[in-house]
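Enquirer: got a predicted structure plus its sequence, pasted below:
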Amino acid sequence: MHNEHSDSHFQLRIDKGEHIEAKDYMPEGYREHLIRQISQHAHSEVIGMQPEGNWITRAPSLRSKQILLAKIQDEGGHGLYLYCAAETLGISRTEMIEHLHTRKAKYSNIFNYPSLNWADIGAIGWLVDGAAIVNQVSLQRTSYGPYSRAMVRICKEESFHQRQGYEIMAKMMGGTKDQKAMAQDAMNRWWWPALMMFDPHDSESPHTSDAVKWRIKRETNDELRQKFIDKTIPQAELIGLTVPDKDIVLDKKTGHYKIGPINWEEFYRVIKGHGPCNKQRLDHHIFYHHTGAWVREAAEAYKAKKAKREIAAV
Amino acid sequence: MKATDNLYNYCLRLGDDALILGHRLSELCSKAPFIEEDLALTNISLDMIGRAQAILKYAAEVGGKNDTEDDLAYRRAEINYYNHLLVEQPNGDFAHTIARQLFLSAFEFYLYGEMEKCHDKTLAAIASKTLKEVRYHLEHASDWTIRLGDGTPESHHRMQNAINELWMYTGELFEMDEVEMTLMRDGIAVDLIPVKTQWYNRIKHVLAEATLVMPEDSYMQTGSRKGVHTEHLGHILAEMQYLQRAYPDAIW
């Protein structure tokens, strides 16, 4: 018989496909891996509000303004569930934000690219959320219960985001010459960074083997990337967008598209902090977090005063 | 002047308040003191832009010039905008955002409460939906006014300062010109005299609970009923209307 608090019992449960819950025994490495991954995911949702937020005040119609605002609100909400999921593992939101600010915790590299024209809002929804969904659908079956449940909820909203992003692209490709040029420009800038969202080949990723053993991760980076490529290229062609890769070929035997080489040098450069917006995104978060400190303090002070008065009144 | 001109103008006044404050709040996305508050401010912004869309759509119908609600939002110049000066004021610190919201939401709460009974069926229906939303906006702004007023010495100071600085834009909320007087006689526009009393009592009550001082009445700024604004509106429109103005043939 296995001791319920042993690593072997834990692994047995994982292998049977059981969900691990917050109060269950888990190896320290599993907990740390999840904290790193879930908090990074939460930060990505929150930092991701910035490139899209860049166009809220310039959205070109009342309808598009509302859709964009609602979408960004969803992303903030996703950040919130994910912070809560990470908190079940024994880390506070304050600590997670501190780790973000001191660069101990990361967020998705994709948000270090700028959103430069209105079609970028389409491209972010269609390509960035599209790539995120492929990852997140796979994570719905991840072994940690609170993370898996957060993913189920998030996936429902993300597929709506992807459709609205594609709708913007389709509308612009059916529009004026200027609109078409904006859409193609956005496609050219977002395509490769979107492919990089799946990270390099698994053998080059330092955390993969444990993540696979613990069933946090269910499919390889390359498998997930291929799913995204196969799904997205026909969508681009349908509305007349050119995928910015002259090496693309459809392998008729396998039904998969082969693409040209990904510039991993760029990926590592941006991860190391030299992307176009790394400094801007983090500075923004730090600035508004500090700017709001007096409000959070006031809310705490008021809560304490109120509690004291209630006790005095009893 | 045609009879419909007054109604058209009245709809613009109502729609523009919702649009401009909705826009101001949308500027705060990703800038709130914490994520839950970011979502709350976005909610209010979404309610207001949705309301603006409904009212401007009706204004376009009444105007009879084949305009859409987007034409009215994105192709109109400052001088033809009729939102109150209060709503175009910058977000400032969080206390200013809250004070501006408190003043306007309290006004809208009583305004739309009366408008539900008006003879114009479209406005009455919009008022009924709006009232549910505004009740929440007012509660949100009142709760924060109290928390900040009765929080720390710094938050108390900031909240009092915001109330004092925005006070001069509150008198205009209750102005009634010939447009509104005529519509009021037709049972459409709301009589703002009782609304002013209700508003004043509500604000007094909230400020007292927040341990804040009610400002003394001084000179009240005015102009928006005639399309005369503060310098801020031009910048809001320059940003908001940019794509529609730069690419006039495009459909978005």
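Expert: Sure, I can see it.

Enquirer: list the contacts for residue 27?
Expert: Chain wasn't specified; assuming chain A. Residues near A:P27 by C-beta atoms under 8 Å, 6 or more residues apart in numbering or on different chains: A:D7, A:F10. The C-beta positions use only the backbone N, C-alpha and C, and glycine is treated the same way.

Enquirer: can you look at chain B instead?
Expert: By C-beta under 8 Å, 6+ apart, B:E27 lies in contact with A:I56, A:T57, B:N91.

Enquirer: among those residues, who's most crowded?
Expert: Neighbour tally across the contacts of B:E27 (other C-beta atoms under 10 Å in any protein chain shown): the maximum, 24 neighbours, falls on A:I56.

Enquirer: give me every residue that touches that one.
Expert: A:K65, A:L68, A:L69, A:I72, B:S26, B:E27, B:C29.

Enquirer: what is the nearest of these to A:R13?
Expert: The shortest approach to A:R13 among these belongs to A:I72, at 38.1 Å (C-beta to C-beta).

Enquirer: can the helix or strand where that closest one lies be found next to chain B?
Expert: Per DSSP states H and E: A:I72 is located in helix A:62-87. Yes: for helix A:62-87, a contact with chain B is found by C-beta under 8 Å from any C-beta of the partner chain, at A:62-66, A:69-70, A:72-73, A:76-77, A:79-80, A:83.

Enquirer: before we move on, the earlier item: looking at the contacts of A:I56, which is nearest B:M168?
Expert: B:E27 (22.2 Å).

Enquirer: ok, now which ones touch A:D222?
Expert: Contacts of A:D222 by C-beta under 8 Å, 6+ apart are A:F198, A:H201, A:D202.

Enquirer: which residue is the nearest non-sequential neighbour of A:M187?
Expert: Distances taken as C-beta to C-beta, 6 or more residues apart in numbering or on different chains put A:L241 closest to A:M187, at 4.9 Å, once the chain neighbours are dropped.

Enquirer: what residues does stretch A:190-206 touch?
Expert: Looking at what lies outside stretch A:190-206 - C-beta under 8 Å, 6+ apart - the contacts are A:108-110, A:113, A:120, A:123-124, A:127-128, A:130-132, A:134-135, A:208, A:220-222, A:224-225, A:228-229, A:243-245, A:259, A:262-264, A:266-267.

Enquirer: same question, stretch B:5-20
Expert: Against stretch B:5-20 from outside (C-beta under 8 Å, 6+ apart): A:62, B:48-49, B:51-52, B:55-56, B:58-59, B:62-63, B:72-73, B:80-84, B:87-88, B:104, B:108, B:120, B:123, B:179-180, B:182-183, B:188-189, B:225, B:233, B:236.

Enquirer: if we use 6 Å, what do you get?
Expert: Applying C-beta atoms under 6 Å, 6 or more residues apart in numbering or on different chains, the contact partners of stretch B:5-20 are B:48, B:51-52, B:55-56, B:58-59, B:62-63, B:73, B:81-84, B:87-88, B:179, B:182-183, B:189.

Enquirer: any residues of the stretch 101-250 of chain A in contact with chain B? List them.
Expert: A:G175, A:T176, A:D178, A:Q179 (C-beta under 6 Å from any C-beta of the partner chain).

Enquirer: just to revisit the earlier point, a markdown table for the contacts of A:I56, including distance to A:K156 and pLDDT?
Expert: Listed next are those as a markdown table, based on distance: C-beta to C-beta, whole Å; pLDDT from 0 to 100:
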| residue | distance to A:K156 | pLDDT |
| --- | --- | --- |
| A:K65 | 23 | 98 |
| A:L68 | 19 | 97 |
| A:L69 | 19 | 97 |
| A:I72 | 17 | 96 |
| B:S26 | 24 | 98 |
| B:E27 | 29 | 98 |
| B:C29 | 22 | 97 |
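
Enquirer: so who does the residue in the stretch 151-252 of chain B that chain A sits nearest to touch?
Expert: Relative to chain A, the nearest point of the stretch 151-252 of chain B is B:G151 (2.9 Å; C-beta to the nearest C-beta). The contact partners of B:G151, by C-beta under 6 Å, 6+ apart, come to A:A298, A:A301, A:Y302.

Enquirer: looking at the residues you listed, state which has the most neighbours.
Expert: Of the contacts of B:G151, with other C-beta under 10 Å as the count, A:A298 tops at 26 neighbours.

Enquirer: just the element for that residue, please.
Expert: Here A:A298 is assigned to helix A:293-313, by DSSP H and E.

Enquirer: and if you look at A:E265?
Expert: Per DSSP H and E: helix A:264-269 holds A:E265.

Enquirer: which residue lies closest in space to B:F103, excluding its sequence neighbours?
Expert: Here the residue nearest B:F103, using C-beta to C-beta, 6+ apart, is B:T170, at 5.3 Å.

Enquirer: how close does that neighbour get to B:R135?
Expert: As judged by C-beta to C-beta, to the nearest Å, B:T170 and B:R135 stand 20 Å apart.

Enquirer: higher neighbour count, these two?
Expert: Neighbour count, other C-beta under 10 Å: between B:T170 and B:R135, B:T170 has more, with 26 against 15.

Enquirer: which pLDDT does the model give the more buried one?
Expert: Per-residue confidence at B:T170 stands at 98 (pLDDT).
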